[in-house]
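Trainee: no sequence on this one, just coordinates:
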Ligand SMILES: Cc1ncc(COP(=O)(O)O)c(C=O)c1O
Ligand SMILES: Cc1ncc(COP(=O)(O)O)c(C=O)c1O
């Protein structure tokens, strides 16, 4: 049946209600830092100088050899869809990386290429978490995690972690927090926002708990490679059935290319693959060809030099902030974040962040984005800008605090 | 609490059951064509010559000016995250495209850049469809659509469409199929697998039905630009509150770059934006810079020349297949597919597809991937290979049929 064409007015014009948005549309939260970022840009447009310590992205462009490989791929016309699981050569290269850097043998068939760690996290949770089930998330943690859980209509269950366990979810905390509706635990090491590492004992203990209770374990290793005191434990060595998530974004410096990977237990590969196929078709082809160049000696030298720069920044910033009265417990030994308790300096981190931005020209992220327990007592500092700028920030913060906030 | 490190054995070693996979993991289906594709590659590895008519991807690499813009972006170090909504210049360029090509005024603020139409479809359904609600999908249709609906735990509701409505969902069919649990209708024009177009009357009628019943309307226009008899109606002109999905994959020839967009009603922009932000962070940056070059005169000439090539292929293949006894009703006036009823030639399209592949060296896709109603009576032919190869395929099919199948 066909009807005659009519000019349909928009909902706004005819004032009928729109269709309802899904419940998850209401539950999923935007990042608070976005408002702050917009305000920072506004101040900059007005001529202000802002030190950006709110950004979770390396301040280096992608390394030249990787960009060059991408350029070559484009010249060669590598622009078509790839298999959903990824370019076979890239899966092999990642397996080689696990072997060389971690002494861990991983079948390349278990490595699936994804659109960023983001794509891997979505697929991992879609694989494990049904509506009505819950997922344990250490609190504080990466803000998208609870929203990925919301996206698949499961319930995020925040588990308070503190300096006592270096802000990592321990088997004991997880055992106390899980119940028969727990589908998965999702941990990150090095963690965002704290930069702390999970021990091999924690990973093994979480794996054992998962086996006993039939709970899936997802380990986000996106900050692997960015560690400054000693390498973090490799989940694949201690938790053989974990879904391990990783990315070319941070250590490999490819944020904007949108490329990551996941390692899944062999018998779950077809499940992950059909989800990737349906949700994404495939990951970016130029990015996959470019990423092949991440595993050369020339690229590794660049990555290691950048790691050294991050280490120097941490070694500068950590004591400097402690001197100013920020309480940074635990050992922030990786990623590029420091997570500070501001109790000695104030009682509202959102206020402090806003004051620092408006009065002192320093952008940092308040705890609101990262935790449920005591957001008002925490700030995240990202050392994704060079040491000179960090020094500028430190003296600005000092002046701001000395002036009474 | 920390436990001593233990060597955890994998589930396989200790023979305990793995955690349960989610119900959606079982409901989501892989594409049947993948098995066929794998077999085709096997035959090719053994020396066979296969004409590929199963592939839903233009057989041209990305146009040179677009690849060159991508190379320039990489040289310039455009490799960081972008705003979740996309590069402002690209959103403006797409608005200009609607104005120029369709005479439709769209606020660039309503245009959000996505990782392919795939990313847009996921976000649109996540915005509209809660668990327990249903989504109307014309049957036959694009196979991922039902799996996107499954991914958000809603129920795909296949609505049989046939040659009587050019395989498009009509307001009458939709009105008969919807109920109080219907969250959305998802239609595509030009459609995959049929290549047929929705009329402006259909779009307006669906929009009016949506307003009356509070049902969201999603229109997938990924094959816009690839039309051979006359331009399809533009949903934004007839269904002002529809969520319109599009992509740089097909007309613009950028499949492997993973770039698309969605147009959403103004007051839903913040919702779509927070979902994009959380699920994807942002779309590919090199791809967004490259895509800017799609809107130049030089690129358009290439796209239009390719469109002309597709038109010639369709004009060759459509009568040739009809002559062979394939029944192709309706008017396949766009995309690059012909959807054929094989009743006159056999009673099992999967058998026929397998025979054509093994005996005749022609790969086509059986109806199984596209419909629930009569998959065994249908085959999809993609004209994503040149006319010479199509001619080879036609004579091979003719011989195969003459030999009794
Ligand atoms: C802990 C963590 N996981 C995952 C991601 C997602 O990164 P991407 O999708 O770029 O790989 C981020 C990005 O900041 C992150 O901090
Ligand atoms: C009808 C339809 N919609 C959406 C897509 C997804 O395409 P992409 O994610 O590459 O934009 C396809 C791909 O074949 C398609 O045929």
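Mentor: Structure received. Bear in mind that the values here come from a model prediction, so they are computed numbers and not experimental data. Numbers count the residues shown, from 1 in each chain, chains lettered A, B, ... in the order given. Ligands and ions are numbered 1, 2, ... in the order given.

Trainee: and the stretch 151-300 of chain A, which residues reach ligand 1?
Mentor: A:188, A:192, A:220, A:222, A:247, A:249, A:255, A:260 (C-beta under 6 Å from any ligand atom). Backbone N, C-alpha and C define where each C-beta goes, glycine included.

Trainee: the residues you listed: which two are farthest apart?
Mentor: Among these, the pair separated by the greatest distance (C-beta to C-beta) is A:188 and A:255, at 16.7 Å.

Trainee: more crowded one of those two?
Mentor: More crowded of residue A:188 and residue A:255, by other C-beta atoms under 10 Å in any protein chain shown: residue A:188, with 29 against 24.

Trainee: and the residues of the stretch 151-300 of chain A next to ligand 1 as CSV, adding distance to residue B:367 and pLDDT?
Mentor: As requested, these are exported to CSV (distance: C-beta to C-beta, whole Å; pLDDT from 0 to 100):
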residue, distance to residue B:367, pLDDT
A:188, 44, 98
A:192, 47, 97
A:220, 41, 98
A:222, 42, 98
A:247, 39, 98
A:249, 41, 98
A:255, 42, 97
A:260, 35, 98
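
Trainee: please list which of those residues are also close to chain B.
Mentor: Among these, the residues within reach of chain B (C-beta under 8 Å from any C-beta of the partner chain) are residue A:255.

Trainee: residues in contact with residue A:328?
Mentor: If a contact means C-beta atoms under 8 Å, 6 or more residues apart in numbering or on different chains, then residue A:328 has A:318, A:321, A:322, A:338, A:339, A:340, A:341 as its contacts.

Trainee: what's near enough to touch residue A:378?
Mentor: By C-beta under 8 Å, 6+ apart, the contact list for residue A:378 reads A:140, A:193, A:339, A:340, A:341, A:342, A:349, A:366, A:367, A:370, A:371.

Trainee: can you tell me which of those lies closest to chain B?
Mentor: Closest approach to chain B among the contacts of residue A:378 (C-beta to the nearest C-beta): residue A:370, at 14.2 Å.

Trainee: do I have it right that the closest one meets residue A:339?
Mentor: Yes: counting by C-beta atoms under 8 Å, residue A:370 does reach residue A:339; the two are 7.5 Å apart.

Trainee: what about the residue in the stretch 151-300 of chain A positioned nearest to ligand 2, neighbour count?
Mentor: Residue nearest to ligand 2 within the stretch 151-300 of chain A: residue A:281 (5.2 Å; C-beta to the nearest ligand atom). For residue A:281, the count of nearby residues is 24 (other C-beta under 10 Å).

Trainee: just checking, residue A:222 touches residue A:118?
Mentor: No: Residue A:222 is beyond contact range of residue A:118, at 9.5 Å (criterion: C-beta under 8 Å).

Trainee: how about residue A:190: what's its closest non-neighbour residue?
Mentor: Nearest residue to residue A:190 in three dimensions, chain neighbours excluded: residue A:334, at 2.9 Å (C-beta to C-beta, 6 or more residues apart in numbering or on different chains).

Trainee: for that neighbour, which residues are in contact?
Mentor: Residues counted as contacts of residue A:334 (C-beta under 8 Å, 6+ apart) are A:189, A:190, A:195, A:196, A:197, A:223, A:226, A:227, A:228, A:232.

Trainee: again, but for residue A:157
Mentor: Shown in contact with residue A:157 (C-beta under 8 Å, 6+ apart): A:134, A:135, A:136, A:137, A:177, A:182.

Trainee: quick check: the fifth one touching residue A:136?
Mentor: Yes: the pair residue A:177 and residue A:136 qualifies as a contact (C-beta under 8 Å) at a distance of 5.5 Å.

Trainee: quick one: which of the two has more around it?
Mentor: The neighbour count for residue A:177 versus residue A:136, taken as other C-beta under 10 Å, is higher for residue A:136 (24 against 18).

Trainee: contacts only, for the nearest residue to residue A:109 once chain neighbours are set aside.
Mentor: Excluding the flanking residues, the one nearest residue A:109 by C-beta to C-beta, 6+ apart is residue A:269, at 6.4 Å. Applying C-beta under 8 Å, 6+ apart, we find residue A:269 in contact with A:85, A:109, A:110, A:112.

Trainee: quick one, what contacts the first one?
Mentor: Which is residue A:85. Residues near residue A:85 by C-beta under 8 Å, 6+ apart: A:91, A:112, A:113, A:269, A:273, A:276.

Trainee: so it, which of the three states?
Mentor: Secondary structure state of residue A:85, per DSSP: H, G, I helix; E, B strand; the rest coil, is coil.

Trainee: quick one: it and residue A:117, what's the gap?
Mentor: 17 Å (C-beta to C-beta, to the nearest Å).

Trainee: just residue A:208 next, same as before
Mentor: Residue A:208 sits at a distance of 25 Å from residue A:117 (criterion: C-beta to C-beta).

Trainee: more crowded one of the two?
Mentor: residue A:117 (28 against 19).

Trainee: so what's that one scoring on pLDDT?
Mentor: pLDDT for residue A:117: 98.

Trainee: OK, contacts around the residue of chain A found nearest ligand 1?
Mentor: Ranked by C-beta to the nearest ligand atom, the top residue of chain A for proximity to ligand 1 is residue A:116, at 2.6 Å. Counting by C-beta under 8 Å, 6+ apart, residue A:116 makes contact with A:247, A:249, A:258, A:259, A:260, B:280, B:281.

Trainee: in strands only, show me these.
Mentor: Secondary structure from DSSP state E places A:247, A:260 of the contacts of residue A:116 in strands.

Trainee: highest neighbour count among the contacts of residue A:116?
Mentor: Neighbour max across the contacts of residue A:116 (other C-beta under 10 Å) = residue A:258, 31 neighbours.

Trainee: look up how far residue A:280 lies from that residue.
Mentor: With C-beta to C-beta as the criterion, residue A:258 and residue A:280 are 10 Å apart.

Trainee: list the residues that contact both of these two?
Mentor: Contacts common to residue A:258 and residue A:280, judged by C-beta under 8 Å, 6+ apart, are A:115, A:119, B:115, B:258.
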